[in-house]
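Enquirer: the following block contains a protein sequence and its predicted model.
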Amino acid sequence: MPVRPELPEILNRADFGGLAKREPKSVAKMASRGLLAEPTHQHQGKPIWEKSVAMDWFRALHDHAVVVPGNELAFAELRDHGIYMCPATSNHLSLARPRLLVMYTPGGGGRVFEVTAVETVKQELPGTRATTPETVEITRTRESEDRTTYPWTIFFLSEVGSVEMITPVIQQGRYVTIHDVRQAMESGKLLVPPLDNAFPVRQ
C-alpha cells in the first residue's frame, strides 16, 4: 500500500502573527515588502505560508539594514559582548535578520556593523544559529538590571564603518536598504525614509 506524503504544516496570517507576536495584517504587510518570508500560497485571496519556509527565513540574513538607537547601555553591551540586544516587544526589528546594522550615536552620527549572526531567547522564532548559554546569561544580566523579563533578539556585530550624520533623530528602530547605508558611508549622510518608501509593496 503506497504511503501518502505528509502534508506541510500551513500558517495563515493569524498563525504567523501569533508566532511573531504581531498583528496578522502586519506580518502580511512585512512579507509583501520582503521583510518576512514570501507567502508560499494564496487561500481565498489571503497569503498563507508553509511553516518550514516561514521559519527558514529567520535562519538566514537578508539584504536589508536596520538603524537602531544607541544609548549608554547599548554601547556597554557592544563593548563587552559585541552585540545589540532588541526586546521582542520592539515593533518590528526583533523580526529582522539584516546584513547591516547602524547604531545611531549621540550627536547625530552612526556606527555601521555587519551582522554576523542572530540568536533568539524565549521566542518561538529561530535565529540564524542556535542560542548559546552565554547569550542567555547576558539577557539575564540585562533583565536583572531592568527588573523585568522579555523575549530577546540578539544581533552579533562586526564594525565596518561610520556615517557622519543621520536624519531624522532615531528614537526607535527603522528599516533601510543596504544601498542607502553604503551610499551614506561614502557621502556622510543617511536620510532614513518611512518604511513605505524604503520598502515598497511587491507588485
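Expert: That came through, no problem.

Enquirer: in the helix or strand harbouring Ile138, what counts as buried?
Expert: Using DSSP states H and E, Ile138 falls within helix 133-146. Buried residues in helix 133-146, counted by 16 or more other CB atoms under 10 Å: 135, 138-139, 142. Every C-beta, even on glycine, is put in place using the N, C-alpha and C of the backbone.

Enquirer: list just the nearest of the residues you listed to Met55.
Expert: The shortest gap between Met55 and any of the buried residues of helix 133-146 belongs to Thr135, at 19.4 Å (CB to CB).

Enquirer: returning to what we had before: so what does the helix holding Ile138 touch, helix or strand wise?
Expert: Packing partners of helix 133-146 (3 or more CB pairs under 8 Å, 6 or more residues apart in numbering; DSSP states H and E): helix 72-81, strand 83-87, strand 110-121, strand 152-163.

Enquirer: do that again at 6 Å, thanks
Expert: For helix 133-146, the elements it packs on are strand 110-121, judged by 3 or more CB pairs under 6 Å, 6 or more residues apart in numbering; DSSP states H and E.

Enquirer: the strand it packs on to helix 133-146, inter-axis angle?
Expert: Per axes from the mean of the first three to the mean of the last three CA atoms, to 10 degrees, the angle that strand 110-121 makes with helix 133-146 is 100 degrees.

Enquirer: show me which positions of strand 110-121 end up buried.
Expert: Buried-residue list, strand 110-121, by 16+ other CB under 10 Å: 110-113, 115, 117-121.

Enquirer: any idea of the mean pLDDT for the helix holding Ile138?
Expert: The pLDDT scores in helix 133-146 average 92.

Enquirer: just how off-centre is that helix within its chain?
Expert: 20 Å (CA atoms, centre = their mean, to the nearest Å).

Enquirer: same check, this time on stretch 168-186
Expert: With CA atoms, centre = their mean as the basis, stretch 168-186 stands 14 Å off its chain's centre.

Enquirer: thank you, goodbye.
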